[in-house]
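1. give the three-dimensional model of this entry:
(2 chains)
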Amino acid sequence: MNTDNQEWEINSKSSLFDLKLNEVWAYRDLLGLLVRRDFVSFYKQTILGPLWFFIQPLFTTIIFTFIFGNLAGISTDGLPKPLFYMAGITAWNYFSDCLTKTSTVFRDNAGIFGKVYFPRLIMPLSIVVSNLVRFGIQMLLFVFFMAYYYFSGAHFQITWAISLFPLLVLLMALLGLGTGMIISAMTTKYRDLAFLVGFGVQLLMYATPVIYPLSIALTKYPKYAWLIEFNPMTPIIETFRYGFLGQGSFSWGSLGYVSGITALLMVVGIVVFNKVERTFVDTV
Amino acid sequence: MNLAIKAENLSKAYQLGQIGTGTISKDLERWYASIRGKEDPFLKIGETNDQRSKSSSDLVWSLKDINFEIEQGDAVGIIGRNGAGKSTLLKILSKVTAPTTGKISGRGRIASLLEVGTGFHPELSGRENIFLNGAILGMRIKEIQRKLEEIVDFAGIERYLDTPVKRYSSGMYVRLAFAVAAHLESEILIVDEVLAVGDAEFQKKCLGKMNDVSKGEGRTVLFVSHNMDSITRLCEKGILLKNGRIQSYDQSSKVIDSYLRSDSGTTSTRTWSHRDAPKNSLVELISVKAHDANYVNKEFFDITESVGISMKYQVFTEGYIFHSAFNFFNGNGVNIFDAHEYLDSNNKPKQIGTYEVVAWLPKNLFSEGNIIIGAAILTQNPFVIHLHEMDVIVFNMVDQTNDNPTRGHYVGSLPGIVRPLLEWSITKI
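-> Purely as a prediction, here's the structure:
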């Protein structure tokens, strides 16, 4: 880093919109190393190693297929049930992992934050990227399932919307990150929100078309379906399914709505995060 | 000279007590005051940080109106009792927490070592942790790669480089962590009391490295320690903090002097007023002091110089043969020896008047540390102790390491309570 003899100043107040993104860039190596740490420490001293990344979505899919698909008999828009659930679970997990892990970032890292300075934004960013790696591995499993069902003659088709996949991933990451940062900033002083996040995210899953298609919700509960449509994760999951499996509601309008919400949450998130970051060590 | 660090009116307030439901209403009040552009209503009632007294407000100033300038290449020791604000100052300097008011400005990259091994992951190997820790401290991967060999060499862990650090001994852990921080190319190095963990040899090595860093490479070092020996050895300047304020900022020996003075109340010189003096109807103590060969009173003596102890006393009644005696204790309360004066010339009854007796301690007698003196006046035949006062004066023996004939070329710590210079000889048989 070439900051030799650079002048600096530590002040009691800082500008609200000084996001210190140049500092984050200077510490980009740290971001990579933290991601590596998360990944490596996850499977050290395990036998199955990275295979564990597959086990969670696999088992959840099996259980969902039995309970929601067979026992409750919720429609899957004519798609093979495991494929339908796995698409929802994989995408939802990425968002919820980003959200829950970022929302406790100050508390989890109080020890290290209290002893050494680096741009704090690196930590939540590393969480998002670490989870991205995990998400990537789980996507492989999903693609493998798609191939399996395709060759055993199941009825689904890939549509052009699959090209929106990178955008969807970005939206999920930023949505989780932004919301998580806001919550993390608020929980340094008051822990109440942290408890809410724990089960709130679980409940939120049921307000997102993970185990049912949006079309069913719209026809069955036309009065309350706005709640589900209002949820920014809904268009993401629906578009995701539409792209990969050819079933789901897609509209540019709802995607635009999600992008707007995400951008807003991100900006608020970074500002709040940077404000809290300066003195949270004293209160956490 | 260039300034490396400049602090202006730096203050830091901490909230005492619980943070809970009560705080939300205060937060709202604070917020309301800030939108009206008024001062924070809760900052006014804060008091200085005297931890022993109970205060009425729940806000405390851990640092208050700190102003100082540190020049480039200086090694500055920060001393003070626990809770004086040393760590808070270092935390603000390392940007871990922001000051409540005031500012610090400076020039150059800061490497701070407030704790050993921050961010070390127990599952990762030594090598992986070097990279991770280096990056946390602000190094780029390329930079770490360039320094890797040096770091491993300094830490002396080559054999364990690919072993998870959870299997390291605590000493190895500390060595590795210090090595990473010390090899960061920074203009300013901040070290909190982390060296206390390592063994004596490693402490010496770290001090040596910090010495190289400040004197050899012209970098600025800020060093917090309770070990006055390391501070005198490493730092030419010192800052003494007391209850969040700077009490003195001067040459380190002077600052340590005033620290020890203010702390224990006992120094290397003691003069009694007539009222408080140890006395009986025959004799009264006036003063006791420690001094060097030129009769200059000092708090610190090199272990290779001779130390004189002078005692003045007043005789009220004629006809007694008074002798003086001293006890010598070290900082751990070990009675190293006692000494009674017996001078032929003194072996006759004393007249009324004031007398001064000097006892010269040989060179190379004590090892490092505090020496605490007790003083007594006694008579023989029959043996009577007329006055005996413990903990009269305290002085410090320091081992400057260089030109010290008792340790040869060894720089580690020498145990033992005395450090005499032996006469060695060697013959081939």
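
2. and the closest residue in space to residue A:213 that isn't next to it in sequence, what's its pLDDT?
-> Among residues not flanking residue A:213 along the chain, residue A:77 sits closest, at 4.5 Å (C-beta to C-beta, 6 or more residues apart in numbering or on different chains). Using the backbone N, CA and C atoms, a C-beta is placed for each residue, glycine as well. Looking at residue A:77, its pLDDT stands at 81.

3. go on, residue B:402?
-> On the pLDDT scale, residue B:402 gets 60.

4. for residue B:199, same thing?
-> pLDDT, residue B:199: 69.

5. again with residue A:37
-> 88.

6. please parse chain B into its domains.
-> B:3-262, B:269-398 (automatic domain parsing).

7. any chance of a markdown table for those, columns distance to chain A?
-> Converted to a markdown table, the domains of chain B look like this (distance: least, C-beta to the nearest C-beta, whole Å):
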| stretch | distance to chain A |
| --- | --- |
| domain B:3-262 | 4 |
| domain B:269-398 | 31 |
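
8. out of the ones you listed, deepest packed?
-> domain B:3-262 (a mean of 19; mean count of other C-beta atoms under 10 Å in any protein chain shown).

9. could I get the contacting residues of the residue in the stretch 101-250 of chain A positioned nearest to chain B?
-> For the stretch 101-250 of chain A, the residue closest to chain B is residue A:117, as judged by C-beta to the nearest C-beta, at 3.8 Å. By C-beta atoms under 8 Å, 6 or more residues apart in numbering or on different chains, the contact set of residue A:117 is B:94, B:95, B:96, B:112.

10. swap the cut-off to 6 Å and go again
-> B:94, B:95, B:96 (C-beta atoms under 6 Å, 6 or more residues apart in numbering or on different chains).

11. hang on, it in a strand?
-> No: under DSSP: H, G, I helix; E, B strand; the rest coil, residue A:117 sits outside any strand and is assigned coil.

12. is the residue lying closest to it once chain neighbours are set aside in a helix, a strand, or coil?
-> Leaving aside its chain neighbours, residue A:117 sits nearest to residue B:95 (3.8 Å; criterion: C-beta to C-beta, 6+ apart). With three-state DSSP as the basis, residue B:95 sits in coil.

13. if we can go back for a sec, state the pLDDT value of the residue of the stretch 101-250 of chain A closest to chain B.
-> Looking at residue A:117, its pLDDT is 87.

14. which of the contacts of residue A:117 sits closest to residue B:218?
-> Using C-beta to C-beta, residue B:94 comes nearest to residue B:218 of those, at 20.9 Å.

15. once you drop chain neighbours, what's closest to the closest one?
-> Nearest to residue B:94 is residue B:112, by C-beta to C-beta, 6+ apart, at 3.7 Å.

16. confirm the one you found sits in a strand?
-> Yes: under three-state DSSP, residue B:112 falls within a strand.

17. for the residue nearest to residue B:316 when sequence neighbours are not counted, give me phi and psi.
-> Distance criterion C-beta to C-beta, 6+ apart; nearest residue to residue B:316, sequence neighbours excluded, is residue B:282 at 5.8 Å. Main-chain dihedrals, residue B:282, degrees, to the nearest 10: phi -100, psi -40.

18. test my guess that residue B:282 contacts residue B:315.
-> No: using C-beta atoms under 6 Å, residue B:282 is not in contact with residue B:315, being 7.1 Å away.

19. contact residues of chain A facing chain B?
-> A:1, A:3, A:5, A:7-12, A:29-30, A:33, A:37, A:41, A:44, A:112, A:115-118, A:278-279, A:281-283 (C-beta under 6 Å from any C-beta of the partner chain).
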